[in-house]
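Visitor: missing the sequence, but the structure's below:
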C-alpha cells in the first residue's frame, strides 16, 4: 500500500500522461481566453483593480467604487493591468497562469497520497472539464484562490511539517481569504487540523503568521474594510459595526425580484454535480469507499479534515447562492474555488479502501449512483435536446408507444421524455448487472461495488468533455470569435469620440469596456449596474456606500459630458425618462464588443444637445 512517506521516484508513463493533460488543458484554456464573452463580475475585478492600482480610486473609500469583495481580488489583477496595459486578455492570461500553478500543486498533493497514476488522473479531470477551464481562464479570482488553497494543502497535508512550512501555510491561507472572504471558514479548520496532526507548537506558528498577516493587511485598508465585514456578520452580534453598514436607506432593486420556482433550485443542485462530475463525484466516491479501519493515522486525519472542509464549503456556498439574493446559478461558479478537494480526498481514501464491500455498502453505492445519474440527466435535458445524438436517436424512438405517451399525450417535453427513458434504461442496466453477479457467484457481490464505481467514473470521464456533463450549460460560449479583439475595436471607436478627462455616465453590464477607455471618469456606483441600484431617496448615503438610484442616475446624465448605454438596457423606462430630462442626443453607436450578442451589446453614445 502506498504511503505518503514512501520515497518513490517518478514513473515516466504517468508523468508523460500528466504532461499531456497539462498541454491539453493549456491549449483549451488559451482557446477560451479568446472565445468567451465577458460579463459583469469579470469587468469589475479587472477595471476596479486597475483604478486601485493606478491610484485613481481607493478600496473601501467613501464615494468610490463599491469594494464588495476582499482587496486582493482587485489589486492582484489591477497591478498586472497596470504593468502590462489594461485589456481583457491581460486579466485572462493572469488567470491561466494561476491555473497552471494550481494544477502543479494539485499534481504534487495527489501524488503524495495517491501515487503517480492518480496524480495524472487529477490533471486530466480538469483538462477534460470545460466548466472548470472556462472559469479558470477568465478574469475572475477562482484560479487565484484555488492556487493559494492547493499549495496551502500541499504544505500541511503531510506526516510532519517544518516550522517554516507551517508559517508559509498560514501566510498563503490568509492571502486566500484576503482574496475572497467566502473562504474564511478554511482558516479555523486548517488551524484545527494542524493542531490535530502536527501538534500545538506548529498550530501556534500557523496561527501566529496568519494573525500577523491578516492584521497587517487589514491595517492597510482600515477602517473602510469594516464595510465588508459589516455586510456579512450578523448585526445582532456586531452592533459596533453599524457606522459601516448601509442602514435605513431603502432596499436594493434585486430584493424586489420574484422568487424563483423550486424547480430552478432543484435544477442547479444537480447542475453543480453535472458540471463538476469528476471532482465532486470523486468526493462521493471517497465517501462510499471510506475504510472501516484505517492503517495510516495521518491519512485518516487528512481525510477527515478535507471531508469536513469540502462539505462545509459546499453547503455554505449553496446557501449563499440559493438564499443570498445573488443568483441561483452562481453555485456552479462558486464551487470552482474548492471542488478539487474531492480529487485529493479520493487520493487519500483509495489506497486504504476495503478490498471487499458488504451488502449494505453495495446497496448504498447503487442507490447513490442511480440518484446521481437521474439528477444529472434531469439537469442535462435542455442540452440533450440540442445535441446531434438526440436528433439521431429521436426518430428511432418516436414509433414506440412509450415515447408517444411521454412526449405526446403525456404532455412531457422531449427533453424530459429522454430523461425518463434514460432513468428507466439505467434501472434495467443495474438490474441486469445485479442478476449477472448473482448468477455467477454470490461472493462477487463483495467486489461489485468497486467495479461499479470504476465503470461509473470511467463513463463520467468519457462524457465530461461533452454537453452531457462538463461542456453543458455553456452560457459564456462565443466560439469562432475573438472577444478581446472585439472589445479593443469597440473601445477604440468610443475612445476616439471622448476627450481625455471626460466625465461619463454609464448604464450597462460590461464594465470591461472601460479597460479600453483609460482617460475617462465614470461615476463609480454605476459600474455594478443594477446590483448596486437601490429603491431609496437617500442619495448621498447611497453614493457614499458605492450605491445609486434612479435620482442619481438622472442627475449624472445631466451633469456628465457623455452618457454610454449598453443597448440591452436602452429601453428601460427610467433610462428613457432620464435621457429626455437631460436633453441628450445620440451621437454614435459602437460596434458590438460581444460578437455573440451583436445587437444587445452595442454601446450608444449620448451627449448634451448643442
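Guide: Okay, I see it. What you see is a predicted model, and the numbers here were worked out from it, not measured in a lab.
Visitor: Check which residues of stretch 26-33 are buried.
Guide: By 16 or more other CB atoms under 10 Å, the buried positions in stretch 26-33 come out as 26, 28, 29, 32, 33. Every residue, glycine included, has its C-beta placed from N, CA and C.
Visitor: Report how many residues lie close to the nearest residue to residue 161 once chain neighbours are set aside.
Guide: In this structure, residue 161 finds its nearest non-sequential neighbour in residue 198, 5.5 Å apart by CB to CB, 6 or more residues apart in numbering. Residue 198 has 23 neighbours, counted by other CB atoms under 10 Å.
Visitor: so residue 198 makes contact with residue 159?
Guide: No. With contacts counted by CB atoms under 8 Å, residue 198 stays clear of residue 159, the gap being 9.2 Å.
Visitor: Mind checking which of the buried residues of stretch 26-33 are in strands?
Guide: Counting by DSSP state E, none of the members of the buried residues of stretch 26-33 fall within strands.
Visitor: So residue 327 versus residue 254, what's the distance?
Guide: 9 Å (CB to CB, to the nearest Å).
Visitor: nope, residue 480 is what I was after
Guide: Using CB to CB, residue 480 is found at 34 Å from residue 254.
Visitor: wait, which of the buried residues of stretch 26-33 is closest to residue 461?
Guide: residue 28 (15.6 Å; CB to CB).
Visitor: give the contact list for that closest one.
Guide: For residue 28, the contact set (CB atoms under 8 Å, 6 or more residues apart in numbering) comprises 127, 130, 133.
Visitor: Tell me how many other residues surround the first one.
Guide: Residues near residue 127, counting by other CB under 10 Å, number 24.
Visitor: In the strand or helix carrying residue 266, which residues are buried?
Guide: Residue 266 belongs to helix 262-274 when assigned by DSSP states H and E. For helix 262-274, the neighbour count (16+ other CB under 10 Å) marks 265, 267, 268, 269, 270, 271, 272, 273, 274 as buried.
Visitor: What sits closest to the third one if chain neighbours are left out?
Guide: What it means is residue 268. Nearest to residue 268 is residue 328, by CB to CB, 6+ apart, at 5.2 Å.
Visitor: residues near that neighbour, how many?
Guide: Neighbours of residue 328 under the rule other CB under 10 Å: 18.
Visitor: Could you measure from the closest residue to residue 260 other than its chain neighbours over to residue 271?
Guide: Excluding the flanking residues, the one nearest residue 260 by CB to CB, 6+ apart is residue 328, at 5.8 Å. Residue 328 sits at a distance of 10 Å from residue 271 (criterion: CB to CB).
Visitor: swap in residue 137?
Guide: To residue 271, residue 137 is 20 Å away according to CB to CB.
Visitor: Same check on residue 345?
Guide: Taken as CB to CB, the span from residue 345 to residue 271 is 21 Å.
Visitor: now residue 509
Guide: The gap separating residue 509 from residue 271 is 22 Å, by CB to CB.
Visitor: Burial check on residue 598, number of neighbours?
Guide: 13.
Visitor: The residue nearest to it when sequence neighbours are not counted - how many residues pack around it?
Guide: With sequence-adjacent residues excluded and distances taken as CB to CB, 6+ apart, residue 598 is closest to residue 592, at 4.3 Å. Residue 592 has 20 neighbouring residues, counting by other CB under 10 Å.
Visitor: Is residue 592 part of a helix or strand, or is it coil?
Guide: For residue 592, the secondary-structure state derived from DSSP: H, G, I helix; E, B strand; the rest coil is coil.
Visitor: For it, give me its contacts.
Guide: Each residue near residue 592 by CB under 8 Å, 6+ apart is listed here: 486, 490, 598, 599, 601, 602.
Visitor: Can you give me every residue that contacts the fourth one?
Guide: Spelled out, that is residue 599. 567, 592.
Visitor: again, but for the second one
Guide: Residues touching residue 490, when contacts are defined by CB under 8 Å, 6+ apart, comprise 513, 516, 590, 591, 592, 593, 603.
Visitor: pLDDT-wise, which helix or strand of this structure ranks last?
Guide: Ranked by mean pLDDT, DSSP states H and E, the weakest helix or strand in the chain is helix 401-404, scoring a mean of 51.
Visitor: Assess the claim that residue 567 and residue 594 are in contact.
Guide: No. At 10.3 Å, residue 567 and residue 594 do not qualify as touching, with contact defined as CB under 8 Å.
Visitor: Same drill for these two, tell me which one is more crowded.
Guide: Set residue 567 next to residue 594 and count neighbours by other CB under 10 Å: residue 594 wins out with 24 against 18.
Visitor: Angles on the backbone of the more buried one, please.
Guide: Backbone geometry at residue 594, expressed as degrees, to the nearest 10, gives phi -110, psi 100.
Visitor: now do residue 15
Guide: phi -70, psi -40.
Visitor: Need the nearest residue in space to it, chain neighbours excluded.
Guide: residue 116 (6.7 Å).
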